[in-house]
Structure formats: structure tokens, C-alpha cells
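> Requesting a structural model of the entry that follows:
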Amino acid sequence: METIRLTMAQALVKFLDQQFVSLDGQEHKFVEGIMGIFGHGNVTGIGEALEQDPGELTFIQGKNEQGMVHAATAYAKQKNRLGIYACTSSIGPGALNMATAAATATVNRIPVLLLPGDIFVDRQPDPVLQQMEVPSDYTISANDAFKPLSRYWDRISRPEQLMSACTQAMRVLTDPVETGAVTLCLPQDVQSEAYDYPVSFFQRRVHYIERRPVAASALQRAVQLIKRKRKPLIIAGGGVHYALATEELKRFAERFQIPVVETQAGKSALPWDHPLNMGGVGVTGSLAGNRLAQEADLIITVGTRLADFPTGSKSMFQHPNIELLNINISSFDAIKMNGHQLVGDAREALNALQSELQDGEETYYEPSRLQQLKKEWDQEVDRLYAIERTDGLAQTTVVGAVNETIDERDVIVCAAGSLPGDLHRLWRSKQPKTYHMEYGFSCMGYEVSGAFGVKLAEPDREVYAIVGDGSFLMLHSELLTSVQERKKMNVILLDNNGFQCIHNLQRAHGSNGFGNEFRYRDNSTGKLNGEHVQVDFAGYARSLGVTVFTAGSIDELKEAIQAARKEEGSTLIEVKVLAGTNTEGYDSWWRVDTAAVSKSGSVKQAYEANQEQLARIKPY
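As a prediction, this is how the structure comes out:
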């Protein structure tokens, strides 16, 4: 057997460079590169390997470990899970900074490979700097925290273990059911140890992503279910995009004239102006979509986790004979809410259903009613886009101005705060993959990092992070990385002086508002209820080498967007918006339980109202 002597880290880099995936006969390089921040846990191991022989892998220097993993997650999401960046860190705090982003990737079913440095296996420099010590179990390090956050976890304690670990890691990363964060812990002494690896380990490997057909018996049960229902509704989830099934979804809906609503991950599966696209569904859904969801006797979900937002905390589907048909590659998701399972690839499942179902003479809905619902909602969006205030800019008006000014090919990125609700309801997407929302974990700080990752995946498109001031302050380090890498991204920052999304939620449950706005402490009361803290976001971004604009009116905002488009480097547009001018309601409810005992009369009233809503929940 022919061998080559390499350090474990060198072998890892060499292996990653030879990984490819194939879907529908088209091959893609799977590992594009490695993002990293070096420290004593990885600089002399994987750092040396990347310096001496990176192959075709690109190394990108992160500025915050969480941020670079968010960027890698966004890259994989935008690539429909057909490409990834790995992420490497030092031990201890550097590694643990990746934990939040690891959970974000796993919750969203997005592949990301984490390579944190780890403590010495030989234990001679014991305890090493930044080492956690657990007196009852000395095999534990900080990296054990990744176990519940990862779909596969391993620690490479000997250099030859790398071979089986890498094989298992690639199995999970390329599996549409199992995918998520994969963590390979790399002890710093083992990274530098040499081993005679078989040359065959570094041969070009193609991992085939097979489209999994649905079982014939399950297909027939699904057909019979659809035939006996009269008011079906399709919920399009992120799996529609990952299965490249947007055209199949469109053909299925059109053939049987079934209206479609979209989750945050599924949005842009159909153009906003398609006559069957009724908008979002659930807590952040449209009025048209939510009314149809309440009336439907059959919900056909396609590639969604059925989280609490699209289901309105399980209160949305109110028909007395409601049933769900869940099309999903994962049985774990397909069985949710007591649904009938049609397990398989979304594109395969939709095509199989079309082949088995015959056009019926009856129509599920009066065309005029769907047209009227859509018309009414479109008019409501137009109204929200056109709100004029004398005291400042409404958030919905700003969203409308951005939507109308950028190109339909451009990609927007968002994740947290009140903006996801407004964007889900109001944003008008014309093309697939132009709406990039991380809402599985709704992780504050994803927006800027995510926009950088999307730009890496879509270098020929303009990319916009639409972000609130709270989320921007949480994490924006990779804005500098975009400058360093000359990967232009645009940040549209809406400054409303605080965590206004939660401020609104708080007040909706009887509170007067507490601890969510950016205010100085009032010396007379001792509380955070003084004047607003003013932050010069434009000045800060300018210091990073970003071209900045400020907009105090809608005309100025549109001019700034047009000017930013002409810039070669990253930009930031700062816009002050009025707090509490976001959307809410539209026949939706989200369960956030209210205090059962309180000194506040308004909280007591909110508690009683909440109890009434709890009675509507379906006991799945």
C-alpha cells in the first residue's frame, strides 16, 4: 500500500480539498475553503498545513468565531447545501464562540464543518492555557459543549483516527436528512503528529446525493387523502429550495389550483405576484394566507419543520376535520402534528403526486375568492408601503422603498427582531433564492455575517443585510472581513433605539415596557428610562473602510441605495425609523405565556386573553 507521511492537520486539509458532491448528474466542489481565527490550539497545526499546502482551498480570516460560522452557514444555505466552508478556531473561548452558530446551523438543517482546537491528549502541559478542568472526568474539554449542538461529533485523539472521522463527517454533511453542524475536535498535539496515511485516502471523492423516491404505499395513502378533501392549502418550506423543486411546486399548484403560502425559509419559492401565492402563513403571515389556513381541511406541507411560527403555536389550523400531509425528506419532520407522512425528496414527491392524481371536475376554491383575497392583501401591502408620518419614517415604508429600489435579482439577508415579520409579510420576491432569512434559530448577529457568506456564494449579485440596530450591535465583525476580501455587501441599518421587537412583545402582554430600549439610566429613578443613547453607526462603519450613507427621508434612502450600487466596496446605509411602526396581527397568535400572578392590572387582562387563545390549540 502506497503511503504518504503527513501531520494529522496536513492530512485533514488534503482530504477536504478532494471532496465533491453530485446531484442530478452535476458535480460541485463541496469544500470551498476554510474560515479561521488562529490561536495556540490550531496555528501550528492546521495553520501550518494551510500555509504550506492549501491545495484549492481558500483561507478566509474571520474576525469573530461566531460570525465566521454564520457566514459559512449562509454560504451553504445559499448554495442549497451543495457547498460549504469549514471553520477552525483555537481552544477554549475561541472554540466556544462557535457554539451559538453551530446550533443555528443544526436547527436550520444546514451543513457546516467545525474544527476547534482542543487540549493536549498527552496531558503533559496540564492544564494548558484556556483549558476547562472537570475534576470528575478529565477527558472533558470545552468542546464537549458541542455534542448536543452537532449532528456528528468526534475527537481525533490519534492521527490515524482522522480517516474514519472524516468519512463519517462527510456522510452527515452530505445527507439531506442528517445534515447540520459537524464538529471534529483537534487536540493541538495530535494536529502536529505525523502518520503514514494511505494515498488512497486523498483520492477525489464524489458523494452522491440521491433523490429519494416516496414509497408506493405512502403515495397511495396520500392520493386518497387529497381526493377526499375539499379545501387543501400548500405550505412551501425551505425543503422546496434545497430540492430545487420550485418549478415542480408551481406546476403542482397550478394543475390543481391549490393556493400556496410560504414559511420564512420557503419564501421566494413562487413569485409574489403569482395568482396562487397568498403570502406568508402563521405568526408573521399575511391576512390572505392565514384566513385560508384557518379554513383549510388539508394542509400539504412541503419541506418544513412545522415550527411554532408557521403554525401559530398550533392554533392556526381550525377546520374541525383538519389533517396534514407532510412531504419531507426526514421522517422526524414528516410525523409532526400527527401528519400523514410522505417521506422522500420534495421534487420526487410532487411529481409522483401529479402522476397519480387526476384533474377533478370540481374546483377547490372559487377563483374569484382567491383573487379577492390576494387583491385585498396586495392593497394592504401597498398601504403599508405608503405610510407617511410627520415625526419620522415608518419601518414598513422603509421596507417598501428598499423593495422597490433594489433589483429583483438582488438578495436580502435577515434573521432577528421585528424585521423578519415585516419582510415575511411585505417583501415581494420575484426570483427564487433572493430572500435569505435565518429564522430557525432567529439568531441576532447573523445578518451581517450571513450577507458576507451569501456574497461568497453569489459573487455576481448585490447582497443586502437588512438589520436592526440591536442585531447589528450584537455582531458585525465580518463587515470588516468583506472589506478585506473585497467582497462587496450592503448593510441597510434601521436604527430604532433598541430591541423594539421584544419591547412590542412585552407591551402586548401587559407591560409598560422594561429594559429593551437603549436609554441612559435616569439618576432620579435609578432606571433605564432616560434619554435615548445615540449611536453614530455611519461613523463606526466608516472607520472600517466602508462607504457610508445616511437617509432621513424615503427619497434620500432610494438615492443612497442607487449610489451604493455603484460602489465597488461594501456600504452601509443608516436609516432612523420610528419604534412600533412594524406590522403585527392579521389573524395570528404566538404563544408567549403571560404571568399568572401580577400586581399589574394590564398583565392580568393579558393573562385572561392568553388563556382564551390557549383553548384554540390543537392537541397534537
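> domain ranges for the chain?
With automatic domain parsing as the criterion, the domains of the chain are listed as 3-208, 216-373, 386-497+533-576.
> Now render these as TSV, adding distance to His503 and mean pLDDT.
For the C-beta atoms, the positions are set from N, CA and C on the backbone; glycine is no exception. TSV is the format used below for those (distance: least, C-beta to C-beta, whole Å; pLDDT from 0 to 100):
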stretch	distance to His503	mean pLDDT
domain 3-208	23	97
domain 216-373	17	95
domain 386-497+533-576	9	97
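> Of these, give the one that comes closest to Gly585.
In terms of C-beta to C-beta, the element of the domains of the chain nearest to Gly585 is domain 216-373, at 8.6 Å.
> mind listing what the most centrally placed residue in the chain touches?
For the chain, Glu438 is the residue whose C-alpha lies nearest the centre (C-alpha atoms, centre = their mean; 2.2 Å). The contact partners of Glu438, by C-beta atoms under 8 Å, 6 or more residues apart in numbering, come to 73-74, 77, 104, 108, 414-415, 446, 450.
> Now with 7 Å, please.
104, 108, 415, 446, 450 (C-beta atoms under 7 Å, 6 or more residues apart in numbering).
> tell me, how many neighbours does His476 end up with?
25 (other C-beta atoms under 10 Å).
> just checking, it touches Val448?
Yes - proximity of His476 to Val448 meets the contact threshold set by C-beta atoms under 7 Å, at 4.5 Å.
> and the domains of the chain as TSV, adding distance to Val603?
Putting the domains of the chain into TSV (distance: least, C-beta to C-beta, whole Å) gives the following:
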stretch	distance to Val603
domain 3-208	31
domain 216-373	20
domain 386-497+533-576	22
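> tell me the SS of Val575?
Recorded secondary structure, Val575: strand (DSSP: H, G, I helix; E, B strand; the rest coil).
> what about the closest residue in space to Ile235 that isn't next to it in sequence, which SS state?
Counting by C-beta to C-beta, 6 or more residues apart in numbering, the nearest residue to Ile235 once its immediate chain neighbours are dropped is Thr301, at 4.6 Å. Taking three-state DSSP as the rule, one finds Thr301 in the strand state.
> ok, now the one 3 residues further on?
Here Thr304 is coil, with the state taken from three-state DSSP.
> ok, it touching Pro310?
Yes - judged on C-beta under 7 Å, Thr304 makes contact with Pro310 at a distance of 6.5 Å.
> Looking at those two now, which is surrounded by more residues?
Using other C-beta under 10 Å, the more surrounded residue of Thr304 and Pro310 is Pro310, with 29 against 25.
> Could you check how far Gln224 is from Glu323?
According to C-beta to C-beta, to the nearest Å, Gln224 stands 11 Å off from Glu323.
> Mind checking which of these two has more residues around it?
When Gln224 and Glu323 are compared on other C-beta under 10 Å, the one with more neighbours turns out to be Glu323, at 19 against 12.
> Give the closest residue to that one in space, chain neighbours not counted.
Taking C-beta to C-beta, 6+ apart as the measure, Glu323 lies nearest to Leu298, with 5.7 Å between them; neighbours along the chain are not counted.
> what do Thr304 and Pro310 both touch?
Counting by C-beta under 7 Å, 6+ apart, the residues touching both Thr304 and Pro310 are 235, 263.
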